[in-house]
Each structure stands twice: as structure tokens, then as C-alpha cells.
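Chemist: Turn this into a model:
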Amino acid sequence: MRIISGTHKGRRISAPKNLPVRPTTDRSKEGLFNILQHRMDFDSLTVLDLFSGTGNISYEFASRGASKIIAVDQNRHCVHFIQKTATTLELDISVLQSETITFLDKDTASYTLIFADPPYDWEAEAYLQLLERAKKRLDASGIIIFEHSNFIDLSMGEGFDFSRNYGGSVFSFFE
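Modeler: Below is the predicted model of the structure:
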């Protein structure tokens with residue numbers, strides 16, 4: 001995986017093979033950030049990266065100058081990898097080990113962008129429950145983005161805006 005743009009453009013990051021993750025492909029991530037660069041001011045973004053895995057999405061936001069990034073994952077090996085990588089690259093990313101629903105229920109902060117990449121075996125109903133909780137943490141003008149398999153349709157979710165398909169991955173946007 002690599003950082004597509006920003007201060008660390010082109011930087012390659014190799015995650016340990018034993019992490020239980022499915023990193024967002026460079027092609028998909030490039031498509032996602034092409035959409036976001038025309039809609040968001042990265043310098044003022046407060047980002048919540050749920051199910052952060054390798055931290056791939058958090059690194060991209062940090063490289064592009066997001067003002068605050070919180071990465072949440074329940075796997076301690078993922079959390080340690082993100083912390084180590086952020087320190088090595090001198091990226092300001094706060095990393096928390098927590099189950100996502102527990103975190104959202106306890107957190108009191110608000111965010112301009114919430115990105116979530118749950119396991120691909122989740123059912124649509126689980127995404128909709130996550131959406132309901134995430135909306136409570138979203139700024140009035142913020143957006144929520146779910147990465148999911150192309151076998152899931154989230155267009156019935158409240159606030160659904162649009163989705164983009166990149167091979168087997170889909171990004172669904174909610175306002």
C-alpha cells in the first residue's frame with residue numbers, strides 16, 4: 001500500500017502479513033480521495049477512522065493535512081502497527097484500541113468525516129445500526145463513508161447520498 005498524495009506522496013507502507021485486515025486498494029483509495037478533494041477542505045477536517053486496520057486511510061488524511069485524526073480498531077496488533085507507522089512518518093494520528101460500537105456510544109466528540117470499513121461479511125442491517133450511531137458523532141455538515149463489498153446495497157440508509165464502485169469495493173456516502 002502507498003500514500004497517494006500530500007506530504008508523504010508515494011511513500012510505501014508494508015503491513016505485517018499476520019494482521020487480520022483487508023487494506024483498501026490503492027486504486028479504490030485514489031478514487032475515494034479524488035471525490036473528497038473536490039468536496040472537502042482537508043486542513044479543517046476532523047476525521048474518525050473506524051475499523052482502521054492498517055491505518056491506510058488515516059495516513060492518507062494525515063498526509064493531506066487533516067487537522068485531527070482518530071483511528072479506532074479493536075485489534076491490538078493493528079493499533080500498535082498504526083502507532084508505530086504514524087510515529088515513523090511523524091503523522092499526528094491518535095490511535096485507540098476499542099470495539100467500534102462501544103467507542104461510538106462513549107465518545108462525545110464530533111467529526112466532519114467518519115470513515116468506516118467493517119468486515120466484508122457484515123449484513124446490511126449491521127451497517128445501518130452503525131450508521132445510526134455514527135450520525136450522533138457527525139457535525140451538521142459532515143459526511144459518513146462506508147467501504148463495503150459490492151454485494152451490499154446501503155442506498156436505503158437514512159441520509160444516503162451516492163455510492164461509487166471500484167471493483168469489489170464500494171464507497172457509500174451519507175450526509
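Chemist: so Ser141 is in which element?
Modeler: Remark: Ser141 resides in strand 138-149, with elements defined by DSSP states H and E.
Chemist: what's the answer for Glu60, then?
Modeler: Going by DSSP H and E, Glu60 is in helix 56-63.
Chemist: helices and strands around the helix or strand following that helix, which ones?
Modeler: Under the assignment DSSP H and E, the closest C-terminal helix or strand after helix 56-63 is strand 68-73. If contacts are counted by 3 or more C-beta pairs under 8 Å, 6 or more residues apart in numbering; DSSP states H and E, strand 68-73 sits against strand 46-50, helix 56-63, helix 76-89, strand 94-97. C-beta here means a position set from N, CA and C on the backbone, and glycine is covered the same way.
Chemist: before we move on, back to that, partners of the strand holding Ser141 in the sheet?
Modeler: Sheet pairing of strand 138-149 (DSSP bridges) gives strand 111-116 (parallel), strand 169-174 (antiparallel).
Chemist: Ok, which of these comes nearest Ser163?
Modeler: strand 169-174 (4.3 Å; C-beta to C-beta).
Chemist: tell me the mean pLDDT for that closest one?
Modeler: Strand 169-174 shows a mean pLDDT of 95.
Chemist: got the contact list for the worst-scoring helix or strand of the chain on mean pLDDT?
Modeler: The helix or strand of the chain with the poorest confidence is helix 26-37; it has a mean of 90 (mean pLDDT, DSSP states H and E). Outside helix 26-37, the residues that touch it by C-beta atoms under 8 Å, 6 or more residues apart in numbering are 1-2, 4-5, 24, 42, 56-57, 60, 64, 113, 145, 147, 164, 166-167, 169, 171, 173.
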